[in-house]
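1. next comes the sequence, and after it the predicted model I'd like to discuss.
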Amino acid sequence: MSAAEYTPPKVWTWNRNNGGAFASINRPVAGPTHEKELPVGKHPLQLYSLGTPNGQKVTIMLEELLAAGHSGAEYDAWLIRISEGEQFSTGFVKVNPNSKIPALVDRSGPEPVRVFESGAILLYLAEKFGAFLPAAPAKRAECLSWLFWQMGSAPFVGGGFGHFYAYAPVKIEYAIDRYAMETKRQLDVLNRRLVETPWVAGDDYTIADMAIFPWYGLLAKGLLYGAGEFLSVHEYANVIAWADRMLERPAVQRGRKVNNVNGKPENQLHERHDASDFDTRTQDRIAAGA
């Protein structure tokens, strides 16, 4: 049945065979599907994630904190393979009842603190370490406005455009057109902002840049969904220049490798438990030593 012929029924029912690339893990209910506790490493911060755009936000932040001298930001990063449903384990659901990566547990205090949603994790870490979040009220408000702009708009890019353009089992022109239009509008919002300032929130590099870059920066560089030509990303020169500045940062380079399972083996560090892992435990190094 084509999209034009579809008439919604009076009551929707779940068709588990209609989920496309994610049919095996998508479902209309919450809660765990299996018993499994999460591993705990040696560091105060325990991250359970995957190197998606949302996952990269947090690993970039942690690597930036370490680069800035905040030794308390040392962390263990555990791989959660969402395509295999690992986010539905009892242990993961305890940390994030929404079963989405990333999820963080801070064990530095007398009681563990769980934090879920990538924007909440960035804000938690920024406040914990007093870094990458302006203290002045007006500058703080600007930073948080852009952070929440990204959090509110990313579902259009990921759940909307990315799904229908790259992952849906059938190509629906209306859906792709609708989400492509909104994605380009958002890129234009960011492009216009970056005429005014070197970083998204102003003169300083902040969690707003870390949140926005893995979505819009990589999209503008043609590194997300293979959609660069389709979206004419060359039109967003300011976004591209900003993304290039982000990609030059060593902490961003490291953060993009953590929990990454795609691309070149040298860019895949499936788990991160020590700073030396970047030199010894990337997939190319593991293969060479096997």
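-> Now that the structure is in, tell me what you want to look at. Numbers count the residues shown, from 1 in each chain.

2. which residues touch stretch 270-277?
-> Contacts with stretch 270-277, where a contact means Cβ atoms under 8 Å, 6 or more residues apart in numbering, come from 41-43, 59, 66, 74-79, 258-261, 269, 278, 281, 283. Quick note: C-beta positions are derived from backbone N, CA and C, even for glycine.

3. what's the first-to-last distance across that stretch?
-> Distance between the boundary residues of stretch 270-277 (Cα to Cα, to the nearest Å) amounts to 10 Å.

4. picking that back up, buried subset of the contacts of stretch 270-277 as a ChimeraX selection?
-> In ChimeraX, this line selects whichever of the contacts of stretch 270-277 come out buried by 16 or more other Cβ atoms under 10 Å:
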select :41,43,59,66,74,75,76,77,78,79,258,259,260,269,278,281,283
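
5. which ones among the contacts of stretch 270-277 map onto strands?
-> Taking DSSP state E as the definition of strands, these contribute 75-79.

6. and these, which is closest to Ser145?
-> If you rank these by distance to Ser145 using Cβ to Cβ, Tyr75 comes first, at 27.6 Å.

7. tell me the contacts of that closest one?
-> 43-47, 62, 272.

8. rerun at 6 Å
-> Tyr75 sits next to 43, 45, 47, 62 when contact means Cβ atoms under 6 Å, 6 or more residues apart in numbering.

9. hang on, Glu266 packs against Arg281?
-> No: using Cβ atoms under 6 Å, Glu266 is not in contact with Arg281, being 11.4 Å away.

10. element containing the nearest residue to Ile212 once chain neighbours are set aside?
-> Closest residue in space to Ile212, ignoring its immediate chain neighbours: Gln150 at 4.7 Å, by Cβ to Cβ, 6 or more residues apart in numbering. Using DSSP states H and E, Gln150 maps to helix 137-155.

11. any low-confidence regions in this protein?
-> 1-4, 18-20, 290 (pLDDT under 70).

12. neighbouring contacts of the helix holding Gln150?
-> With Cβ under 6 Å, 6+ apart, helix 137-155 has contacts from 119, 133-134, 186, 200-201, 206-208, 211-212, 215.

13. now the helices for this structure?
-> 53-67, 90-95, 118-129, 137-155, 173-196, 207-212, 218-220, 237-247, 250-257, 277-280, 283-289 (DSSP state H).

14. just send the contacts of helix 137-155 back as a markdown table, with neighbour count and distance to Ile240 too.
-> Output for the contacts of helix 137-155, formatted as a markdown table (neighbours: other Cβ atoms under 10 Å; distance: Cβ to Cβ, whole Å):
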| residue | neighbour count | distance to Ile240 |
| --- | --- | --- |
| Gly119 | 20 | 24 |
| Leu133 | 21 | 26 |
| Pro134 | 20 | 25 |
| Gln186 | 21 | 15 |
| Val200 | 29 | 14 |
| Ala201 | 25 | 19 |
| Thr206 | 25 | 20 |
| Ile207 | 28 | 21 |
| Ala208 | 27 | 18 |
| Ala211 | 31 | 18 |
| Ile212 | 28 | 13 |
| Trp215 | 24 | 14 |
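
15. this completes my enquiry, with thanks.
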